[in-house]
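# Here you go, sequence then predicted model.
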Amino acid sequence: MALKVGNISGLTWRISVALKPFQVGNISGPGHLVLTYEIAGNRFTSPQIRCTMKPKKQRSHPQLFQSRLDQIIDLKHSLCRLAKAIDWDRFDEELGGHYVDMVGAPGKPTRLMVGLHYLKYAFDESDEGVVERFVDNPYWQFFCWLEYFQHTFPIDPSSMTRWRKRVGPEGVETLLAELIDTTRRAGMLSESSLKRVVVDTTVQEKAIAFPTDARLYEKMRRTLVPFQLSLLAFSVS
C-alpha cells in the first residue's frame with residue numbers, strides 16, 4: 001500500500017507499507033510492519049516491526065458437555081470474593097495505551113495477565129510455577145475469569161516477562177494502586193493507615209557478630225591468659 005509519492009529536484013520518491021505474516025516455530029500469523037522507501041529507483045526496506053493489537057474482551061461461550069467453574073467451586077472462597085471486588089475494567093483502560101489498535105495479533109486478555117501476576121506475588125511463585133499451578137487450581141482459573149476448567153497452560157511463562165516489559169513500571173504501579181483501592185472499598189484498610197509508613201529494620205542483614213557463648217568464652221580467654229602470664233612472670237621475678 002503506497003502511503004505517499006512525490007518529486008523533489010527531479011528525484012521521484014515513494015513510501016509504502018506492507019503487513020507481512022511472521023513465523024516463530026510452528027506459530028504463524030500477521031503482525032509485522034515493513035516500510036519500503038524508494039528514491040530514484042533505489043529501494044530501502046526498514047527492519048520488521050512486531051506489533052501487538054489490544055487484547056479482545058473475554059466473552060461467554062456456552063459448552064454443552066462441561067460444567068462452569070462457578071457451579072463446581074465455593075464462591076465464598078477468598079479468591080472468588082477478591083475477584084468480585086477488583087475493578088478489572090480499570091486495567092483495560094489504563095494499560096490499553098501499551099497496545100496498537102488495528103495491527104498485529106491480539107494480545108492475551110488483560111485480566112488473565114493481571115490475575116496471573118497477582119497470584120504470582122501472593123503465593124510467592126516464579127513465572128513457571130504460577131503457570132503450572134494454574135492448570136491444577138480451579139480457583140486460580142476462576143480468579144483469572146475462565147468459565148470452564150482448562151487443562152492446558154494459558155500462556156508460555158516467557159509471556160509474563162514480556163508483559164511486564166510492555167506495561168513498564170507505570171503498569172505495575174497500576175496493579176498496586178488497584179489492590180490498595182480494593183482493600184479500601186472493602187473496608188479492610190483505613191485512611192489513617194495510609195498517612196504513615198512504618199519500616200521494621202530488625203530483620204535486615206547487618207555486619208554485626210552475634211554474641212554466641214563460644215565467642216564470649218574466646219574473648220574471655222584472650223583477656224585472661226595474658227593477664228595470668230604477666231602475674232606469673234611478676235611472681236617469678
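Perfect, I can see it now.
# okay, CA-based contacts and neighbour counts for the rest of this
Will do.
# which sections of the protein are below the confidence cut-off?
1-54, 56-65, 101-104, 201, 203-204, 206, 208-210, 236-237 (pLDDT under 70).
# any chance you could map the helices in it?
78-85, 89-95, 110-122, 127-136, 138-143, 158-185, 213-236 (DSSP state H).
# what comes up buried for the second one?
When you say that, I think you mean helix 89-95. Phe91, Asp92, Leu95 (16 or more other CA atoms under 10 Å).
# what helices or strands is that helix leaning on?
Secondary-structure packing of helix 89-95 (3 or more CA pairs under 8 Å, 6 or more residues apart in numbering; DSSP states H and E): helix 110-122, helix 158-185.
# List the contacts of that helix.
Helix 89-95 is contacted by residues Thr110, Arg111, Val167, Gly171, Thr174, Leu175 when judged by CA atoms under 8 Å, 6 or more residues apart in numbering.
# Which of those residues ranks first by neighbour count?
With neighbours taken as other CA atoms under 10 Å, the top of the contacts of helix 89-95 is Thr110, carrying 22 neighbours.
# circling back: from the buried residues of helix 89-95, pick the one nearest Asp181.
Phe91 (13.1 Å; CA to CA).
# Quick check: the closest one vs Leu112, distance?
11 Å (CA to CA, to the nearest Å).
# same deal with Glu125?
Distance of Glu125 to Leu112, given as CA to CA: 16 Å.
# the more surrounded of the two?
For the pair Glu125 and Leu112, the greater number of neighbours falls to Leu112 (19 against 15), based on other CA under 10 Å.
# quick one: that one and Phe142 touch, right?
No - assessed by CA atoms under 8 Å, Leu112 is found out of contact with Phe142, at 10.0 Å.
# Report the residue ranges of every domain in this protein.
With domains defined by automatic domain parsing, the chain comprises 2-50, 69-187.
# I'd say Phe142 and Ile72 touch.
No - using CA under 8 Å as the test, Phe142 is too far from Ile72 to be in contact (10.7 Å).
# I'd like the helices of the chain as TSV, with distance to Arg68 appended.
Output for the helices of the chain, formatted as TSV (distance: least, CA to CA, whole Å):
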stretch	distance to Arg68
helix 78-85	14
helix 89-95	22
helix 110-122	17
helix 127-136	15
helix 138-143	10
helix 158-185	26
helix 213-236	62
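# Ser192 is nearest to which of those?
Going by CA to CA, the one of the helices of the chain nearest Ser192 is helix 158-185, 11.2 Å.
# Quick one: list the elements packing against that closest one.
In terms of contacts (3+ CA pairs under 8 Å, 6+ apart), helix 158-185 is packed against helix 89-95, helix 110-122, helix 127-136.
# If we use 7 Å, what do you get?
Of the remaining helices and strands, none touches helix 158-185 by 3 or more CA pairs under 7 Å, 6 or more residues apart in numbering; DSSP states H and E.
# Return the set of buried residues in it.
Across helix 158-185, burial judged by 16+ other CA under 10 Å covers Met160, Trp163, Arg164, Val167, Gly171, Thr174, Leu175, Glu178, Leu179, Thr182.
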